[in-house]
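In: coords please:
(one chain, ligands or ions: 2)
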Amino acid sequence: MAGSKYAYVRNFELPDPLLQGTFMVFRLDGHSFHRFSDAHEFNKPNDLRALQLMDHAAQDLMEQYPDITLAFGESDEFSFLIRKSASLYNRRNAKIVSTLTSFFTSSYVFRWTTYFPDTPLKYPPSFDGRIVLYPSEREIRDYFSWRQTDTHINNLYNTVFWTLVQQGGESTTQAHATLKGTVSKEKNEILFSRFNINYNTLDPRFRKGSTIIREEIPEDSQTETSTASDAAPAKHMRSRTKPRTRTVVLHCDIIKDEFWVARNDILSS
Ligand SMILES: Nc1nc2c(ncn2[C@@H]2O[C@H](COP(=O)(O)OP(=O)(O)OP(=O)(O)O)[C@@H](O)[C@H]2O)c(=O)[nH]1
Ligand SMILES: [Mg+2]
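Out: Ligands and ions are numbered 1, 2, ... in the order given. Sure, this is the predicted structure:
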């Protein structure tokens, strides 16, 4: 059918392909979550329910998009590694970013009541999203090390800050002043000497963030009701050669070589 006289406006749309053969890192971040966490009374410094909800939305996204091989999340953000060879939406930048951000956001809202049964949503949360391309494995490993180091720095600060306020009776202004200019060692020392808290024994979830990988489901536990990914085709259509996988949340050291050596499939293809 011939286009209308208006159809020429389409020519103003520009292609936005992402370079082939490069790793894509898709990161999303809660918009104004300082306000959102206050409005919904998140526990300070870490709200387990909020973190588990983020993890669940991230798992939903990985189950929807098999090209994602790894995810890492902390606070109100999550990063996803999309394989180099992915042809997802013809590698169109805006299409991938908008669709994945939208899917994650709706999953977050969809599962809200599971984690916050007694806290009605006061307004719709939103997330921003972006993709950064990286040429090689080195940058990918450094990228995830960067995010996990950030988790550590933020969590140590927030832990000491809120301990000074909640257990030390300091005002938030005083706590800021107490921590001003301190290095990690001094923050650890404040926790230990004043509150008898050994930072290294606190829940690794808070110290190390959430790392989500895929693992193969053993053949004998593959049932119709399993929570496996791969947007499961009918059982009789499944390829026998391609094992089904499920996503698993870990709180481990993604910075260490061991993580990558044990899971070389994350960076392959
Ligand atoms: N109390 C509490 N607050 C949290 C938790 N996780 C995230 N937040 C809040 O979310 C904020 C996330 O930081 P940012 O992403 O830098 O800040 P933001 O307000 O979301 O601002 P933009 O991302 O720039 O829109 C933190 O500063 C906290 O205020 C949590 O577990 N407990
Ligand atoms: Mg944010």
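In: what's the helix or strand for I96?
Out: Using DSSP states H and E, I96 sits within helix 93-110.
In: Which elements pack onto that helix?
Out: Contacts defined by 3 or more CB pairs under 8 Å, 6 or more residues apart in numbering; DSSP states H and E place helix 93-110 against strand 23-30, helix 48-64, strand 77-82, strand 127-134. Yep, even glycine has a C-beta here, placed from its N, CA and C like the rest.
In: mind listing what's buried in the second one?
Out: By neighbour count, with 16 or more other CB atoms under 10 Å as the criterion, the buried positions of helix 48-64 are 49-64.
In: ok so, going back, who wins for proximity to ligand 2 among the helices and strands packed on helix 93-110?
Out: For the helices and strands packed on helix 93-110, distance to ligand 2 was read as CB to the ion. The smallest value, 4.2 Å, belongs to strand 23-30.
In: Ligand 1 contacts on the protein?
Out: 29-34, 37, 42-44, 46-47, 50, 75-76 (CB under 6 Å from any ligand atom).
In: Of the residues you listed, which ones also sit close to ligand 2?
Out: When the residues of the chain next to ligand 1 are checked against ligand 2 using CB under 5 Å from the ion, the ones in range are 29-30, 33, 76.
In: possible to save the helices and strands packed on helix 93-110 as JSON lines with distance to Y8 and mean pLDDT?
Out: Shown next, in JSON lines, are the helices and strands packed on helix 93-110 (distance: least, CB to CB, whole Å; pLDDT from 0 to 100):
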{"stretch": "strand 23-30", "distance to Y8": "32", "mean pLDDT": "98"}
{"stretch": "helix 48-64", "distance to Y8": "36", "mean pLDDT": "98"}
{"stretch": "strand 77-82", "distance to Y8": "34", "mean pLDDT": "98"}
{"stretch": "strand 127-134", "distance to Y8": "30", "mean pLDDT": "98"}
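In: so who does the nearest residue to V132 once chain neighbours are set aside touch?
Out: Using CB to CB, 6 or more residues apart in numbering and skipping the chain neighbours, the partner closest in space to V132 is V25 (5.1 Å). Taking CB atoms under 8 Å, 6 or more residues apart in numbering, we find V25 in contact with 79-82, 131-134, 140, 143.
In: if you set the cut-off to 6 Å instead, what comes out?
Out: V25 is in contact with 79, 81, 132, 143, counting by CB atoms under 6 Å, 6 or more residues apart in numbering.
In: Show me the two of these that sit farthest apart.
Out: Farthest apart among the contacts of V25 by CB to CB are L81 and V132. That separation is 10.9 Å.
In: These two: which is more packed in?
Out: Higher neighbour count among L81 and V132: L81, with 21 against 14, using other CB atoms under 10 Å.
In: Distance of that one relative to ligand 1?
Out: Between L81 and ligand 1 the computed distance is 20 Å (CB to the nearest ligand atom, to the nearest Å).
In: what pairs with that residue across the strands?
Out: V25, L70 (DSSP bridges).
In: now it: how far from T114?
Out: 26 Å (CB to CB, to the nearest Å).
In: picking up where we left off before, out of the residues of the chain next to ligand 1, which one sits closest to Y6?
Out: H31 (34.0 Å).
In: Brilliant, that's me finished.
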